[in-house]
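**Student:** Could you work out the structure for the sequence below:
(one chain, ligands or ions: 2)
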Amino acid sequence: MKAKVYLSRTGKDESPSSLAGKVKELSIRVGLKELIKKDDLVALKIHFGEKGGPGYIHPDTLKKQISFIKQAGGKPFLTDTNTLYTGDRSNAVDHLQLASEHGFSLRNLGIPVVIGDGLRGENQISVETEKGIISRAHLSGVARTAQVIIGLTHATGHLLTGFAGTLKNIGMGLAGRGGKLAQHSGLLPEILDECIGCGTCREWCPADAIQIKNEKAVINPKTCYGCGECLAVCPHKSVKVSWDESSSNVQKKIAEYCRAILKNKKSCFLNFALKITKDCDCMGKPSPSMVPDIGILASRDPIALDRATLELINQQAGENIFKTHYPEIDPLVQITHGEKIGLGLQEYELIQI
Ligand code: SF4
Ligand code: SF4
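**Tutor:** Ligands and ions are numbered 1, 2, ... in the order given. Next up is the predicted model:
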């Protein structure tokens, strides 16, 4: 059996309004209309870009898809979650400001932007998962509640996973703060010397795992389950995450989070293989394309979609471009592990439209 992946090729520097027609056509081909029931909350998961960086999907390319979803009876909204690291996307206020500056606004697109895990990442829910590397997943509130999830992903390289496509956008990008922490680290959070013992983290800790001793917070490793709430709420930046996980484990956890997020959801995915840079859109600076633009791909199967996207990029480059840039990383780990846990199929039929 093969999964269907649709490809709409694009010309050099094609206009956003022309791309919008292709996005709509791809949405029709993957059966988006059939996925949506009246009044379904439809999450369009996207990266709003980083301050100073041009690397994000142009908002105007989504206009026809948004109208199509509304006509089908759905209630679309744009969403992303806050970052673990500090910056302009680490809380909902700065994040919404940045999204609006990049054209992701009610005024421009006619739909709201909802930051999926709350003001500082507190809107998350922990669920048991099928056993794998993880046995519990911390999901953003949006991932839990939205009825339909549409992944809108700018395909790029990535310094931790080699390749960043739909699996990364959904598995990491719709995880709650604790999920991001768990994916990046094999360790629990630590308290730094800067802690002043204010007790805010203790009030928020859902596991009652924090005590204040000698005016410092102390985490009990036996009861802490790594939800990351303390990291989110500490007003003094005194909770530390170790970014210590291997690429291979990060990729496997991303696939397992993807499975947890998409469980019982209606979903489809688009990869934008345009302006494909070595680093992801979090870098916040202009960066040259590794290969000429390819087009936009769409599928109901996230594994087939990422595999097809990665292979098309390598074909376009005439080499394994991800290996060239990140020789230590095998970006196929996320895809092969995803197939192994039932997230989709690596075998695909590419249908050019
Ligand atoms: S919230 Fe921060 S400063 Fe306050 S006790 Fe917790 S770690 Fe220390
Ligand atoms: S990460 Fe651990 S200590 Fe911090 S809030 Fe969550 S359970 Fe509590």
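**Student:** what bits of the stretch 101-250 of the chain have low per-residue confidence?
**Tutor:** Low-confidence segments of the stretch 101-250 of the chain, defined by pLDDT under 70, are absent.
**Student:** which bits of it sit near ligand 1?
**Tutor:** In this structure, the stretch 101-250 of the chain approaches ligand 1 at residues 191, 195-201, 217, 234, 236, 238-239, judged by C-beta under 6 Å from any ligand atom. Backbone N, C-alpha and C define where each C-beta goes, glycine included.
**Student:** go with 8 Å
**Tutor:** Within the stretch 101-250 of the chain, the positions near ligand 1 by C-beta under 8 Å from any ligand atom are 191-192, 194-202, 210, 212, 216-217, 230, 233-239.
**Student:** What about ligand 2: which of those touch it?
**Tutor:** Okay, of those touching ligand 2 (C-beta under 8 Å from any ligand atom), that's 201, 210, 230, 239.
**Student:** Farthest pair within those residues?
**Tutor:** Ile210 and Val239 (9.8 Å; C-beta to C-beta).
**Student:** Please look at Phe77 and Ile46 and confirm they touch.
**Tutor:** No: counting by C-beta atoms under 8 Å, Phe77 sits too far from Ile46 to count as a contact (10.7 Å).
**Student:** of these two, who's got more company?
**Tutor:** Ile46 (26 against 20; other C-beta atoms under 10 Å).
**Student:** Show the contacting residues for that one.
**Tutor:** By C-beta atoms under 8 Å, 6 or more residues apart in numbering, the contact list for Ile46 reads 56-57, 62, 78-80, 104, 152-153, 169.
**Student:** repeat that with 6 Å
**Tutor:** 78, 152 (C-beta atoms under 6 Å, 6 or more residues apart in numbering).
**Student:** what about the helices in the stretch 101-250 of the chain?
**Tutor:** Under the criterion DSSP state H, counting those that start in this stretch, the stretch 101-250 of the chain contains helices at 106-109, 141-145, 166-171, 177-184, 200-204, 229-233, 247-262.
**Student:** residues making contact with the next helix or strand after the longest one?
**Tutor:** Elements were assigned by DSSP states H and E; along the chain past helix 247-262, the next helix or strand is strand 266-273. Strand 266-273 has contacts (C-beta under 6 Å, 6+ apart) with 30, 32, 35, 57, 148-155, 165-166, 294, 296-300, 302, 305, 309.
**Student:** could you give the angle of strand 266-273 to helix 247-262?
**Tutor:** 140 degrees (axes from the mean of the first three to the mean of the last three C-alpha atoms, to 10 degrees).
**Student:** Let me see the mean pLDDT of strand 266-273.
**Tutor:** The average pLDDT for strand 266-273 rounds to 98.
**Student:** Just the buried residues from the ones next to ligand 2 among the residues of the stretch 101-250 of the chain next to ligand 1, in ChimeraX please.
**Tutor:** Buried residues within these, by 16 or more other C-beta atoms under 10 Å, are selected in ChimeraX with:
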select :201,210,230,239
